[in-house]
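Enquirer: Make a model of this:
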Amino acid sequence: MLERNSALKGQRIHGRFGKPSEHPGVTIEEIREFSYLDITLWESEAASLRSKLAELLAIQSLPAPEQSSPLPGGRLFSLKAGHLGYLGEAGPADILAAAIAPEEGSVVSLGHGYCCLRLGGPKAVNLLRRGIRLDLRDRTFPVHHVARADIGGIGLLLLRRDGGHFDLLIPRSQAVELWRWLTRRAAQFGYQVL
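Expert: Down below sits the predicted model:
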């Protein structure tokens, strides 16, 4: 497998920055190796394909809109009915791509055009609230929730992994701009680049 070139080359420097503290308020990590699939299920085949995929992936059912289901090595998510996405390792992505025949739906690999950042730490939600117009409280944006959003005019896909970690999927062409936005605002909390 070819190694993906970082969209943040020259920008991403490992270490601690901003407000000095024993524990950084925010951690930022670029996930360099990932697969991102855009999956559309044809309406006439959706019911049978849903059960086939759920069985194949060993999950009870496919995620409802704005939800995600953890898989070994990744996450299957839905933004709207009949439309799925996958973010994670190549193995499950290959299974999904092979399982969906052209007469059942389409599977398009988009990972090459995106950058994935993982935010964590006790102040990650506070950082995101500085620019995102979503209610990120636990009861309204719980674990496994997913949404399209924007930060400073930069469109992204936001997935809540657990209570304190988020994955941000952004177009590679806007990765540097978002990186600068995040690091400028994270300085007040102290941040660490992993």
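Enquirer: Please state the backbone phi and psi of the closest residue to Gly131 other than its chain neighbours?
Expert: Counting by CB to CB, 6 or more residues apart in numbering, Gly131 lies nearest to Ile151, which is 4.1 Å off, once chain neighbours are set aside. C-beta: built from backbone N, CA, C; applies to glycine. Here is the backbone geometry of Ile151 (degrees, to the nearest 10): phi -130, psi 120.
Enquirer: Next one: Ile151 from Gly88, what distance?
Expert: 23 Å (CB to CB, to the nearest Å).
Enquirer: next one: Gly120
Expert: Taken as CB to CB, the span from Gly120 to Gly88 is 17 Å.
Enquirer: So for these two, which sits in the more crowded spot?
Expert: Higher neighbour count among Gly120 and Gly88: Gly88, with 22 against 19, using other CB atoms under 10 Å.
Enquirer: Who are the contact partners of the more buried one?
Expert: If you count contacts by CB atoms under 8 Å, 6 or more residues apart in numbering, Gly88 has them with 34-35, 71, 73-75.
Enquirer: what helix or strand is the residue positioned nearest the centre of the chain on?
Expert: For the chain, Asp167 is the residue whose C-alpha lies nearest the centre (CA atoms, centre = their mean; 3.9 Å). According to DSSP states H and E, Asp167 maps onto strand 165-171.
Enquirer: buried set for that strand?
Expert: For strand 165-171, the neighbour count (16 or more other CB atoms under 10 Å) marks 165-171 as buried.
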